[in-house]
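Novice: Got a sequence here, can you build the structure:
(chains A and B)
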There are 2 protein chains.
Amino acid sequence: MDTFVIGVDLGGSHAACGCVDLDGNISCMCETEIDRENSADKVINENLIPLIEECKNKAKDKNIVGIGIGIPGRTDSKNGICVFAPNLNWHDVDVKTPIEKACKLPVFILNDARAMATGEKYFGNGKGIDNFVCIAIGTGIGGGIVAGGKLILGADEAAGEIGHITVEPNGPVCGCGNRGCVEALASRLGIVKRAEEAIDSGVETVLKKENLTSKDIFDAAKQGDKLSLKIWEDTGIYLGRFIANLATTVNPQRILFSGRVSGASELFLPSLKKELKERARMVPVEKIEFMKAKFEDDAGIVGNAGRAFECLGYLK
Amino acid sequence: MDTFVIGVDLGGSHAACGCVDLDGNISCMCETEIDRENSADKVINENLIPLIEECKNKAKDKNIVGIGIGIPGRTDSKNGICVFAPNLNWHDVDVKTPIEKACKLPVFILNDARAMATGEKYFGNGKGIDNFVCIAIGTGIGGGIVAGGKLILGADEAAGEIGHITVEPNGPVCGCGNRGCVEALASRLGIVKRAEEAIDSGVETVLKKENLTSKDIFDAAKQGDKLSLKIWEDTGIYLGRFIANLATTVNPQRILFSGRVSGASELFLPSLKKELKERARMVPVEKIEFMKAKFEDDAGIVGNAGRAFECLGYLK
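Specialist: Purely as a prediction, here's the structure:
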């Protein structure tokens, strides 16, 4: 009988889960809304546990051996505790104990960006690659680092908070409070903000400031708008500087991009590679393989399933 | 009978080796000069092999099971090849084969800064610590990263080239060719250069430009020289920014400093910690333990011995 785990992707407004097999195939998907105004206790008991039970019911005939849950924040995975999740307003929440009790399966938790890297490692474009970095570029920038075949967690499971690498010491203030984090410059929000500032300063462009999105800037660039092209070129410079620091630190063979901004890679990869080569001269960065991550919307389910399989000894 | 390996520290002008036991104790030390003008072949056959044989002779009564050799450059440790060592002018030199043949013991090689971290991991102030970074601040800045209990090598054994993390994008040109590497600003050479520039610009100071050393700047700072105090404060800012990027990437529990500049830590640690806290807000950096490395002059011998023991399965 095949072995399955349930992978759970928990976000600030929505949770999804599915049964995952040892090849990373998903079945029996279930979804639910999350009201982030509710207490952690309520979200766990009224949203997460019923969601998982629904999935278990759909998969009644399957041999399910565990549950992996992704947390949008910092975790203490050994003890199954969410240390801090800003989008859920959770502080020191025991996720493991109540779900194990209710669902009668071992529960493993992991930060969502690290789970994404775990999914790529076992089932995606990191398979068989001992050294790679997953970089999700969306509203923010998150990441997960695999070195020597192992996911790096660090002393406080904060390793991989790479969106907060400083690339411009006197740059704009980031959501975290620091100046010039790569997230403040090259995330969707950072890109839009730089475009808005250029519009304000009177630069000629087809872009309109109202409801401006990174998609608008992408479309305008494709039509030759000079400011938009410059915005993507600069995005590549910031990302190149960022990846230069990563390359110098952990020397990955491969970089896997996910998230909406990564769809514009044709516009930022040339300046990214140029800046990377300029900066990281002690590392053979011309060998780095830039690829899309295999999983996008399902990355959380598959990644947390991979983590559960790993913790249970099914995958190494 | 106790088990020993021979650890070899190879530099650009000098090599030293010793017998090391499983507790990291050194005996039977031997040293020799190296003429970097000689070919790799000549250095290996006329310096390294006789040096190791001398040590083996001194340790005739000991059970020696292997040899670990540190390389001041990039290595392909799997194949025992020095890929590039600038100070020796070595390119793709097979170190392992001739020494194994002559000395009749298995040979393991490793980059010298990574060997330093390995020594601290098995015998020094990294013992029992799963996540730490060794930072050697001397003429340059080198490092070794241990994450999840394992030394990180990366895809090309270039992980840990952290002296070349950019901390000031438009900063001074580094020896590597990039601008604003932490090595260009906070190494001995970087510190002296900043002081010289300040003297040139007419800043009031007791420092004299002729034969200026980082020790002079340390002594002057201790006597209250304002420029010298500022030089060390700025050194702390650059190092803080550097360690913030490391903390955000690999989240170490401990930072181990070695090298001559680290002796001035009382002068740079306050501004280092302030900058670190300011920059790395997603990581509990206030928990990072700053310590001196246990090994300084013997770091190479002990570290490469540790690596040999590890490769032979005696240490994990």
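
Novice: At which residues are the helices of the stretch 1-150 of chain A located?
Specialist: In the stretch 1-150 of chain A, helices defined by DSSP state H, counting those that start in this stretch lie at A:40-42, A:49-58, A:96-103, A:112-123, listed in chain order.

Novice: Quick check: buried residues in the second one?
Specialist: Meaning helix A:49-58. Across helix A:49-58, burial judged by 16 or more other Cβ atoms under 10 Å in any protein chain shown covers A:49, A:51-52, A:55-56. Backbone N, C-alpha and C define where each C-beta goes, glycine included.

Novice: Around chain B, pick out the residues from the stretch 201-316 of chain A.
Specialist: A:241, A:244-253, A:278-284, A:287 (Cβ under 8 Å from any Cβ of the partner chain).

Novice: Which of these fall in helices?
Specialist: A:241, A:244-250, A:278-279 (DSSP state H).

Novice: Show me which pair in these is furthest apart.
Specialist: Farthest-apart pair in these is A:250 and A:278; separation 19.2 Å (Cβ to Cβ).

Novice: what about those two, which has more around it?
Specialist: Neighbours of residue A:250 and residue A:278, each counted by other Cβ atoms under 10 Å in any protein chain shown, are more numerous for residue A:250; the result is 30 against 17.

Novice: Give me the distance between the more buried one and residue B:151.
Specialist: Separation of residue A:250 from residue B:151 (Cβ to Cβ, to the nearest Å): 12 Å.

Novice: number of nearby residues for residue A:287?
Specialist: Neighbour tally, residue A:287, other Cβ under 10 Å: 13.

Novice: Now pLDDT too, for the ones in helices among the residues of the stretch 201-316 of chain A next to chain B, in JSON lines please.
Specialist: Converted to JSON lines, these look like this (pLDDT from 0 to 100):
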{"residue": "A:241", "pLDDT": "98"}
{"residue": "A:244", "pLDDT": "98"}
{"residue": "A:245", "pLDDT": "98"}
{"residue": "A:246", "pLDDT": "98"}
{"residue": "A:247", "pLDDT": "98"}
{"residue": "A:248", "pLDDT": "97"}
{"residue": "A:249", "pLDDT": "98"}
{"residue": "A:250", "pLDDT": "98"}
{"residue": "A:278", "pLDDT": "97"}
{"residue": "A:279", "pLDDT": "97"}
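
Novice: nearest to residue A:299, of the residues you listed?
Specialist: Of those, the one sitting nearest to residue A:299 (Cβ to Cβ) turns out to be residue A:246, at 19.6 Å.

Novice: picking that back up, shared neighbours of residue A:250 and residue B:151, anything?
Specialist: Taking Cβ atoms under 8 Å, 6 or more residues apart in numbering or on different chains as the criterion, residue A:250 and residue B:151 both touch residue B:145.

Novice: For residue A:254, give me its contacts.
Specialist: A:125-126, A:129, A:131-133, A:288-291.

Novice: Equivalent analysis for residue A:14, please.
Specialist: A:31-34.

Novice: Just list whatever residues bridge to it.
Specialist: Residue A:14 has the following beta-bridge partners by DSSP bridges: residue A:33.

Novice: any idea how far it lies from chain B?
Specialist: 23 Å (Cβ to the nearest Cβ, to the nearest Å).

Novice: again with residue A:136
Specialist: Distance from residue A:136 to chain B, by Cβ to the nearest Cβ: 15 Å.

Novice: Ok, residue A:154 next?
Specialist: Going from residue A:154 to chain B by Cβ to the nearest Cβ gives 2 Å.

Novice: Which residue, other than its chain neighbours, is closest to that residue?
Specialist: residue B:251 (2.5 Å; Cβ to Cβ, 6 or more residues apart in numbering or on different chains).

Novice: still on that earlier bit, okay if I get the buried residues of helix A:49-58 as CSV plus pLDDT and distance to chain B?
Specialist: Converted to CSV, the buried residues of helix A:49-58 look like this (pLDDT from 0 to 100; distance: Cβ to the nearest Cβ, whole Å):
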residue, pLDDT, distance to chain B
A:49, 98, 30
A:51, 98, 28
A:52, 98, 29
A:55, 98, 31
A:56, 97, 32
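
Novice: for the residue nearest in space to the middle of chain A, what are its contacts?
Specialist: Closest to where the C-alpha atoms of chain A average out (Cα atoms, centre = their mean) is residue A:113, at 3.5 Å. By Cβ under 8 Å, 6+ apart, the contact set of residue A:113 is A:134, A:136, A:142-144, A:160.

Novice: Next, work out how far apart residue A:137 and residue B:183 are.
Specialist: 29 Å.

Novice: Contacts only, for the residue nearest to residue A:181 when sequence neighbours are not counted.
Specialist: Of all residues not flanking residue A:181 in the chain, residue A:174 sits nearest, at 3.9 Å (Cβ to Cβ, 6+ apart). Residues in contact with residue A:174 (Cβ under 8 Å, 6+ apart) are A:164, A:180-181, A:183-184.

Novice: can you do 7 Å?
Specialist: Contacts for residue A:174 (Cβ atoms under 7 Å, 6 or more residues apart in numbering or on different chains) come out as A:164, A:181, A:183-184.

Novice: Just want to check the distance between it and residue A:158.
Specialist: Distance from residue A:174 to residue A:158, by Cβ to Cβ: 16 Å.

Novice: go on, residue A:254?
Specialist: Between residue A:254 and residue A:158 the computed distance is 23 Å (Cβ to Cβ).

Novice: And the contacts of residue A:174, which is closest to chain B?
Specialist: Closest approach between the contacts of residue A:174 and chain B, by Cβ to the nearest Cβ: residue A:164, at 4.9 Å.

Novice: Tell me if I'm right that that closest one and residue A:185 touch.
Specialist: No - contact criterion Cβ atoms under 7 Å: residue A:164 and residue A:185 do not qualify, at 11.6 Å.

Novice: More neighbours: those two, which one.
Specialist: For residue A:164 versus residue A:185, the count of surrounding residues by other Cβ under 10 Å is larger for residue A:164: 29 against 25.

Novice: Do you know the pLDDT at that one?
Specialist: pLDDT recorded at residue A:164 is 97.

Novice: Throw the buried residues of helix A:49-58 into a markdown table and include distance to residue A:89, thanks.
Specialist: Below are those laid out as a markdown table (distance: Cβ to Cβ, whole Å):
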| residue | distance to residue A:89 |
| --- | --- |
| A:49 | 20 |
| A:51 | 20 |
| A:52 | 22 |
| A:55 | 26 |
| A:56 | 28 |
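
Novice: before we move on, back to that, can I get the contacts of residue A:14 in a markdown table including neighbour count and pLDDT?
Specialist: Listed next are the contacts of residue A:14 as a markdown table, based on neighbours: other Cβ atoms under 10 Å in any protein chain shown; pLDDT from 0 to 100:
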| residue | neighbour count | pLDDT |
| --- | --- | --- |
| A:31 | 13 | 97 |
| A:32 | 15 | 97 |
| A:33 | 8 | 95 |
| A:34 | 19 | 93 |
